[in-house]
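Colleague: when you get a sec, could you give me coordinates for this:
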Amino acid sequence: MTDILKQLSSLRRAKVLFKNATVEQVDHIIKTLQEVRDEKEVERLIEAEKAEQEQRELETLKAQILDKNIDFDKLTAMMSGSKRPRKAKKIAPETPTITYVFGDNETWNGEGEVPRNLQIQLDEGFELADFIQ
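Modeller: The predicted structure is shown next:
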């Protein structure tokens, strides 16, 4: 329930809310609320009429199905239709991980800082491509 509904639902809170309001202002608010109530009542009646009409149509269909001895299971299977197959999720191919081998069987996967021994060799003029396994 929203805050304004809580305040208007409680007599004590409503009195506090309208403490400084004039009688004319309160009458105008009451008139507005009655119009909202009337609209809600009309909406409720329309929905009830729609539900009643739908129920009558369903009863008519039920009677027709029973009169014609139609197999209800077959009818429901036909009504549900065929389900479309889901598209298979495309999984990105794994990118091969590059491993750099240098020194005495030392390896580096390319993440983080370059190991000191590898950096020394790179400074000497080698390239990373020279160390790819």
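Colleague: the longest helix seen in the chain packs against which elements?
Modeller: As assigned by DSSP state H, the longest helix anywhere in the chain is helix 23-67. Contacts of helix 23-67 with other secondary structure elements, assessed using 3 or more C-beta pairs under 8 Å, 6 or more residues apart in numbering; DSSP states H and E, are absent: no helix or strand is involved. Placement of C-beta: from N, CA and C, glycine included.
Colleague: and the helix or strand following that helix, how far from the chain's centre?
Modeller: Later in the chain than helix 23-67, the nearest helix or strand by DSSP states H and E is helix 72-80. Offset of helix 72-80 from its chain centre (C-alpha atoms, centre = their mean, to the nearest Å): 30 Å.
Colleague: now the next helix or strand after helix 72-80, how far from the centre of its chain.
Modeller: Scanning forward in sequence from helix 72-80 by DSSP H and E, the next helix or strand is strand 100-102. Strand 100-102 has its average C-alpha position 49 Å from the chain's average C-alpha position, going by C-alpha atoms, centre = their mean.
Colleague: got it, and stretch 62-81?
Modeller: Centre to centre, stretch against its chain (C-alpha atoms, centre = their mean), the figure for stretch 62-81 is 34 Å.
Colleague: and stretch 85-92, by the same measure?
Modeller: For stretch 85-92, the gap between its own C-alpha mean and the chain's C-alpha mean amounts to 21 Å (C-alpha atoms, centre = their mean).
Colleague: how close does the residue sitting nearest the centre point of the chain sit to K62?
Modeller: Closest to where the C-alpha atoms of the chain average out (C-alpha atoms, centre = their mean) is R86, at 19.3 Å. Spatial separation of R86 from K62 under the definition C-beta to C-beta, to the nearest Å is 34 Å.
Colleague: and I120, by the same measure?
Modeller: Note on I120: its distance to K62, by C-beta to C-beta, is 87 Å.
Colleague: also I30?
Modeller: Here I30 is placed at a distance of 47 Å from K62 (C-beta to C-beta).
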